[in-house]
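>>> below: sequence and its predicted model.
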Amino acid sequence: MPNQPLPKSNVRTPLPRSHIWIAILLCVLSLLSSCISQPNDSIGEAYVAPAMLNLRHDLTGKKGTVAVLKHGEHLDIVDVRRRFVKVRTAKGAEGWVDSSQLLSTEQMEQIHRDDKIYHALPSEGAASAYETTNVHIEPSRASPAFTSIVGGGVVTTLEHRLSPKVIGPPPPNSLALIRVQTVPRRQRREKASRISFKLPPKPPPPKPPANWQELSAERIDGADSVADAHAEAERQKAEQKTDEAKKPPVLEDWTLVRTKDNQCGWVLSRNLMMAIPDEVAQYAEGKHITSYFDLGQVTDEDKGVKHNWLWTTASSEEPYDFDGWRVFLWSRHHHRYETSYRQRDVEGYFPVHADAAGADTTSATFQLITKDDDGKFYQRAYVFDGTRVHLTGQQLYQPGAANSSKPNGLNMDQIHAKAAQPGWLRRQWNAVIRRIRGR
């Protein structure tokens with residue numbers, strides 16, 4: 001009989017036991033990944049402080065940037081190592097950043113409250129930046145800069161404030177840790193071979209002088225004078241430290257500005273130039289123009305259309321906003337600016353309100369707030385009729401209470417404590433699940 005093929009058997013070859021365990025593990029992982037849609041492993045919340053912040057994949061800096069974060073973006077903190085924190089964005093991207101570049105929830109809420117107040121402030125004039133200038137969250141160099149003004153960019157000035165000069169640490173360029181430079185093994189061997197020879201014995205100590213007893217007696221006699229000299233030196237050092245502590249801190253003038261994008265922040269006043277015409281600015285006499293206002297236009301047959309101006313100036317770093325104000329009018333007869341009214345040595349405060357003359361009238365009104373010698377604040381109203389300034393009334397003014405409380409920053413001790421809680425294993429497991437799911 002010819003050879004016929006054997007019938008197929010329905011009996012399957014059993015899988016190895018290791019393959020069975022691998023299949024079971026994969027099933028468990030798939031079930032867990034489907035159950036855990038959004039792992040709740042956050043140990044804190046934070047917001048991005050600077051305008052742009054690179055999110056690094058790891059602390060070594062070997063891999064590139066995961067994402068670029070923007071100011072005000074909400075982040076969940078999932079891990080911490082010393083001052084670095086691992087965060088997760090709303091889109092699920094994870095990476096490491098420096099905690100000094102983050103804001104707490106209290107700080108972000110305070111920024112939103114301040115923005116509402118700042119947007120309601122009246123304009124004190126326009127200013128342009130000399131060069132690219134950072135806009136800070138607070139009037140301090142150490143505060144984060146959330147945007148910038150390009151050179152020549154125009155902003156609206158709102159307020160002035162003096163703040164102690166504080167030089168903050170430069171922002172880190174990367175999260176890469178600095179490695180200690182070690183000497184190669186070959187160089188260590190060569191160095192060891194060069195110093196392997198025996199050193200000569202140490203010379204004997206010198207003998208004391210023959211009159212050592214007399215010298216000791218003289219030293220004992222002069223011990224009191226030496227102690228007095230030391231005490232006097234310590235006293236002088238203490239007095240020097242006290243004098244340095246009594247010295248007033250160096251103050252910087254900051255200006256609150258509103259950009260074209262309707263963002264409000266603080267800029268160093270020395271980086272701004274008020275946008276008043278040079279024909280008027282030349283009369284500043286070395287003083288700083290803090291605000292200016294248009295009081296109406298004048299048509300000159302030879303020079304064209306000109307404007308009357310009100311400005312306030314400050315000559316030194318004082319806690320008030322201006323120490324003098326002046327009204328300029330355009331003279332059609334002399335074809336130049338002349339002073340209509342001027343007042344010096346005042347203690348003036350913002351806001352200054354001014355209403356330019358309309359098309360149907362030649363008079364403009366403005367109000368200024370000053371503090372008199374009796375310690376009271378007065379708001380005085382004036383009218384400029386195109387030639388002279390007239391006082392029309394005054395009333396007591398109650399300035400608003402300044403909010404000196406500062407919100408707390410990111411509490412790193414609390415974040416470290418939460419990271420050390422028993423939920424650490426669960427966070428690590430959730431991290432493994434996210435890696436499997438491609439997050």
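Structure's in. What do you need?

>>> ok, then the element right after the strand ranked longest in the chain?
In the chain, taking DSSP state E as the definition, the longest strand is strand 288-300. On the C-terminal side of strand 288-300, the nearest following helix or strand under DSSP states H and E is strand 304-314.

>>> that next one packs against which elements?
If you count contacts as 3 or more Cβ pairs under 8 Å, 6 or more residues apart in numbering; DSSP states H and E, strand 304-314 packs onto strand 288-300, strand 324-331, strand 348-355, strand 364-371. Glycine gets a C-beta too; all of them are placed from N, C-alpha and C.

>>> got the angle between the first one and strand 304-314?
What it means is strand 288-300. Per axes from the mean of the first three to the mean of the last three Cα atoms, to 10 degrees, the angle that strand 288-300 makes with strand 304-314 is 160 degrees.

>>> quick one on the thing from earlier: and the longest strand of the chain, how far from the chain's centre?
Distance of strand 288-300 from its chain centroid, counting by Cα atoms, centre = their mean, to the nearest Å, is 34 Å.

>>> what residues sit buried inside it?
His288, Ile289, Thr290, Ser291, Tyr292, Phe293, Asp294, Leu295, Gly296, Val298 (16 or more other Cβ atoms under 10 Å).

>>> which residue packs closest to the first one, ignoring adjacent ones?
Setting aside the residues directly before and after it, His288 is nearest to Ala314 in space (Cβ to Cβ, 6 or more residues apart in numbering), at 5.1 Å.

>>> what do you get for the last one?
Taking Cβ to Cβ, 6+ apart as the measure, Val298 lies nearest to Trp330, with 4.5 Å between them; neighbours along the chain are not counted.

>>> distance of that neighbour from Asp302?
11 Å (Cβ to Cβ, to the nearest Å).

>>> looking at these two, which is more packed in?
Trp330 (23 against 6; other Cβ atoms under 10 Å).

>>> who's the more buried one bridged to?
Here Trp330 sits in beta bridges with Tyr337, going by DSSP bridges.

>>> tell me which residues touch it, please.
Val298, Asp300, Lys303, Lys306, His307, Asn308, Arg336, Tyr337, Glu338 (Cβ atoms under 8 Å, 6 or more residues apart in numbering).

>>> ok, Thr65 to Val166 distance?
Plainly put, Thr65 is 30 Å away from Val166 if you go by Cβ to Cβ.

>>> next one: Ile43
From Ile43 to Val166 the distance is 30 Å (Cβ to Cβ).

>>> what does His112 give?
For His112, the distance to Val166 - Cβ to Cβ - is 24 Å.

>>> more neighbours: these two, which one.
Shown here are His112 and Val166; by other Cβ under 10 Å, Val166 has more neighbours (12 against 9).

>>> low pLDDT regions in the chain?
1-21, 23, 25-40, 61-62, 167-198, 218-229, 243-245, 357-362, 401-405, 421-439 (pLDDT under 70).

>>> center of it, which residue is that?
Ser143 (1.7 Å; Cα atoms, centre = their mean).

>>> need phi/psi at that one.
With angles defined as degrees, to the nearest 10, Ser143 sits at phi -80, psi 150.
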